[in-house]
Every structure is written in structure tokens, then in C-alpha cells.
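>>> Following is a predicted model, sequence given first.
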Amino acid sequence: MSDKKLNDRISAYKEAFASGEIQETYQCLVGIVQILRTEFTKKYKGEFSVASVMHGYIDFTYFYLQNDYLKRHKLKFAIVFNHQLAHFELWLLGQTKDVQVRYWEKLKGIRWVNPESMPEYSIFEVTLLANPDFDNITGLSESVHSAFGVLSQEIFSTLEAYE
């Protein structure tokens, strides 16, 4: 957080919003996440339940996925668009903070888990698509689906090995 007082930051804030470009870009990005959510709902029907798109503050737009295995273990996935980095991530989350801490402790040895510090909102966060081509929604979507397919299988195998 900046040391500046809020009043000192307001002019830059108003200037950033003046052109309407931020609002328009944000809406387009949220729309892409909504498209992905719809595709995930169709593609994984019967395999995963897919929740509605949620908005963080201006930092994250995401939706949750859960299957029977994740539900039994009080876990869920989130497909996350990180607005600051402008890329897509896959998060593994616990139903409660206690569940997250327990799994973070248990999984510290795996490559996705930072053993030094647990993320604020998840057990771990993995980049799904680092450099999305926002002008090619089909390619972007195929890349996210492909990365999710591979990564989710690796995560399930790892979770089962650590049971």
C-alpha cells in the first residue's frame, strides 16, 4: 500500500478512468472468463461442477470447479484470471483456512508449493497460460483447456500419493 494519503491518489485514479479504456478492457477480460466457464461447464459435465464467475476486487476474476474427489477432501480448483499479471492460473483451495494450511503443510515437497510461504487465498497457484493472446479467444481457450487437462491429472495423482 502506498504511503500517500487517499486524497493525494484520487487525481491519478480519476485520470486512469477518464478514457473509459480500463472499464472496457476489464469487461472484455471478464467476458473471456465467462466464456471459459461456459466451456468448462459443457466439457466437464458430469465430471466437475462449475460455479459462477466471481470477481475479486479488481485483482482476480475466477470460477470454481469441484468433483467428488475434491469435495470429499474439502478441496476445490479455481480457474483464475490474474489482472495484474494478465494471465491465467489454476489454484488449489481448501474449503476453510485450516484445510488449506493442512494441505500446504502436507504438500510442501511438490514443485507447485512454495515451502517458504503459503499463498493468501490458496494452497498453491500454478500458471496455466502465461501469455494469453486475447485477440484469439479460440486459441486462448484451447490452451487453457489443454493446460488444465494435463495439470489437473498431475495434481490428482499427487494428492492421491500424499493421502
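Structure received.

>>> Enumerate every residue touching the most centrally placed residue in the chain.
Central residue of the chain (CA atoms, centre = their mean): V80, 1.9 Å from the mean position. With contacts defined as CB atoms under 8 Å, 6 or more residues apart in numbering, V80 is in contact with 60-62, 88-91, 125. For glycine as for every other residue, the C-beta is placed from the backbone atoms N, C-alpha and C.

>>> and it, that one's in a strand?
Yes - secondary structure of V80 (DSSP: H, G, I helix; E, B strand; the rest coil): part of a strand.

>>> Bridged to it, which residues?
Taking DSSP bridges as the rule, V80 bridges to Y62, E89.

>>> Against R9, how distant is it?
Counting by CB to CB, to the nearest Å, the gap from V80 to R9 is 26 Å.

>>> what's the answer for P115, then?
In terms of CB to CB, P115 sits 36 Å off from R9.

>>> One more: T25?
Counting by CB to CB - T25 and R9 are separated by 21 Å.

>>> likewise E163?
From E163 to R9 the distance is 49 Å (CB to CB).

>>> more crowded one of the two?
Between E163 and R9, counted using other CB atoms under 10 Å, the more crowded position is R9 (11 against 6).

>>> Helices of this structure, start to end?
Here the chain has its helices, by DSSP state H, at 6-18, 21-43, 68-72, 97-106, 137-161.

>>> which other residues reach the second one?
Applying CB under 8 Å, 6+ apart, the contact partners of helix 21-43 are 16-17, 48, 50, 52-53, 55, 58, 61-63, 65, 79, 81, 83, 134, 137, 140-141, 144-145, 148.
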